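Q: Sequence and computational prediction follow.
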Amino acid sequence: MPLVSGKVLFEKANEYNFAIGAFNFNNMEFLKAILDAAEEEQAPVFIQTTESAIKYAGIEYLAGMVHAVKDKYSIPFALHLDHGKHVETILLAIRHGYTSVMIDYSDKSYEENLKVTKYVVSICAALGISVEAELGKLVSVEDEVVSREEVLVDPEQAKEFVDRTGIDALAPAIGTAHGAFKFKGEPKLDFERLKKVKELTGIALVLHGASGVYEEYVEKINKYGGDIKGAKGVPDEELKKAVELGINKVNTDTDLRLAFISKLRELMALEKKVIDPRKFLKPAMEEVKNIVKKRIRLYGSQGKAELFRV
């Protein structure tokens, strides 16, 4: 199946009430691991890059790899720009064959966010490219430094935003955070808020900052010389509940990095005579593949590629 528009993925996931994994990649190893895992699970998937990934590798390399292998796979997948902070980057992604973009002006005023998002939609709609946007701020709100109302999405405002912009998907802030050190205590996702946003908008919803930060990877990294003590993520049970309440795309980046680095640190510590990087990179790539498959099953998207062939 060819590379498809994110619109196709969002519509099916919303219609059949499941979530599609959106996995970040910066290089060939991560890209291959993600697509191979999705193929084996027969799951639709978003493969995505951030602006920092583009700065690191170059969009010609990232998009070029995707387009070079797109006909190798039978599953539907979209090439997505994650957290596009600049309209110029959106236009660059479009020119290089991205089929889905996120315009993230959530750190700006509501009116500016609305205005720029609407402009991006006006460009992408005619090209069949999906647009994701965000409302609220992805920061931990467990402590009392900030109130939940200051950073979490307003459901009524979300409805207005969706109606006025025409976006294909919305990432509502409900209490998740980016990175391995998401929470000081237990996560407090606002499920009632999520439920209300879904009821009012009816649109595909996206969960950012949703990595599990699994203890097995954290322990192995620390064992072999790393120092990421205290890292925590979103428990699987919480994520499952979020999907049940209307999340249709789940972003995962940190878990892939932890899986890769944990295996890399282990091998480099134990195989001291090895100088062939492939001896390290291939097992690390397999570890990424394993975590992608685990997350796909958690989202309920395994076997769902069949829905797109009807």
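A: It's in.
Q: ok, which stretches of this protein are strands?
A: With DSSP state E as the criterion, the chain has strands at 20-24, 45-49, 77-84, 100-103, 130-135, 169-172, 204-207, 247-252.
Q: Serialize those to TSV and add fields for distance to Asn14, mean pLDDT and mean neighbour count.
A: The C-beta positions use only the backbone N, C-alpha and C, and glycine is treated the same way. Shown next, in TSV, are the strands of the chain (distance: least, C-beta to C-beta, whole Å; pLDDT from 0 to 100; neighbours: other C-beta atoms under 10 Å):
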stretch	distance to Asn14	mean pLDDT	mean neighbour count
strand 20-24	10	98	27
strand 45-49	14	98	27
strand 77-84	14	98	26
strand 100-103	14	98	29
strand 130-135	12	97	27
strand 169-172	9	97	26
strand 204-207	4	98	27
strand 247-252	5	97	27
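Q: between the ones you listed, which gets nearest to Leu31?
A: strand 45-49 (6.5 Å; C-beta to C-beta).
Q: helices or strands next to the closest one in the packing?
A: strand 20-24, helix 28-41, helix 59-69, strand 77-84 (3 or more C-beta pairs under 8 Å, 6 or more residues apart in numbering; DSSP states H and E).
Q: Dump the C-alpha coordinates for the third one into CSV.
A: I take that to be helix 59-69. Backbone C-alpha positions of helix 59-69 (Å, rounded to 0.1, in the frame of the first residue of the first chain) are rendered in CSV as follows:
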residue,chain,number,x,y,z
ILE,A,59,15.0,16.6,5.3
GLU,A,60,16.4,15.3,2.0
TYR,A,61,17.7,12.2,3.9
LEU,A,62,14.7,11.7,6.1
ALA,A,63,12.0,12.1,3.4
GLY,A,64,14.3,10.4,0.8
MET,A,65,14.6,7.2,2.9
VAL,A,66,10.8,7.0,3.3
HIS,A,67,10.0,7.5,-0.3
ALA,A,68,12.7,5.0,-1.3
VAL,A,69,11.1,2.2,0.7
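Q: Next, the angle strand 45-49 makes with that helix.
A: 160 degrees (axes from the mean of the first three to the mean of the last three C-alpha atoms, to 10 degrees).
Q: How far off centre is helix 59-69?
A: With C-alpha atoms, centre = their mean, to the nearest Å as the basis, helix 59-69 stands 19 Å off its chain's centre.
Q: Name the surrounding residues that touch that helix.
A: The contact list for helix 59-69, computed with C-beta atoms under 8 Å, 6 or more residues apart in numbering, reads 3, 25-26, 28, 31, 35, 47, 49, 53-54, 79, 92-93, 96-98.
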